[in-house]
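Predicted model and sequence follow; I will ask about them next.
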Amino acid sequence: MERSLKVGDELGGHIVTGHVDGVATVIEIEKFGDSTKVCFLGPHELIKFIAKKGSIALNGTSLTVNNTNEAQFEVNLIPHTKQTTTWDHIQCDDIINIEIDPIARYVAKLNELRA
């Protein structure tokens, strides 16, 4: 687990604020060697903020999105993530908290203002 940033610290990853924007449902779990691909059905109003190779926080864990489409997105869980979080115990139909990338939210807002 990483400690919170302090003023002046180097920012080397995803910004997570701890605010839950919505929930997603686990719809598929597939093992790939030591890693695990997890596919989610996301809420319609948040999918536009979720981008392939972008960042997302799920249940407070900062993860990279592997793929996305109109209603679904997937992430890959490496062994370290599964060992140091509760992700090793997920099952299909579990409900997961989502925090979208705050930068994606600001970009969307700027695009709205330009229109």
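Thanks, I have the structure now. Note that the structure is a prediction, hence the values are computed from the model and not measured.

Which strands and helices lie in contact with the longest strand seen in the chain?
Taking DSSP state E as the criterion, the chain has its longest strand at strand 22-32. Secondary-structure packing of strand 22-32 (3 or more CB pairs under 8 Å, 6 or more residues apart in numbering; DSSP states H and E): strand 35-41, strand 72-77, strand 95-100. C-betas here are computed from N, CA, C, even on glycine.

Averaged pLDDT, it. What do you get?
Average pLDDT, strand 22-32: 96.

Going by neighbour count, which residues in that strand are buried?
Neighbour counts using 16 or more other CB atoms under 10 Å place Gly22, Val23, Ala24, Val26, Ile27 of strand 22-32 among the buried residues.

What is the nearest of these to Tyr106?
Set against Tyr106, the nearest of the buried residues of strand 22-32 by CB to CB is Gly22 (17.5 Å).

Let's check: the centremost residue of this protein is which one?
Nearest to the mean C-alpha position of the chain, by CA atoms, centre = their mean, lies Ile56 at 2.6 Å.

distance between stretch 62-75 and the chain's centre?
Mean-position distance between stretch 62-75 and its chain equals 7 Å (CA atoms, centre = their mean, to the nearest Å).

Could you do stretch 44-63 as well?
That offset, for stretch 44-63, works out to 4 Å (CA atoms, centre = their mean).

Wasn't Leu46 part of a helix?
Yes. The assignment for Leu46 is a helix, going by DSSP: H, G, I helix; E, B strand; the rest coil.

Enumerate every residue touching it.
Contact analysis of Leu46 by CB atoms under 8 Å, 6 or more residues apart in numbering lists Asp21, Gly22, Ile98, Ile100.

Where neighbours are concerned, which of those residues has the most?
Within these, Ile100 tops the neighbour count with 22 neighbours, counted by other CB atoms under 10 Å.

so can I have TSV of the helices and strands packed on strand 22-32 showing distance to Leu63 and mean pLDDT?
Output for those, formatted as TSV (distance: least, CB to CB, whole Å; pLDDT from 0 to 100):
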stretch	distance to Leu63	mean pLDDT
strand 35-41	9	97
strand 72-77	5	97
strand 95-100	11	96
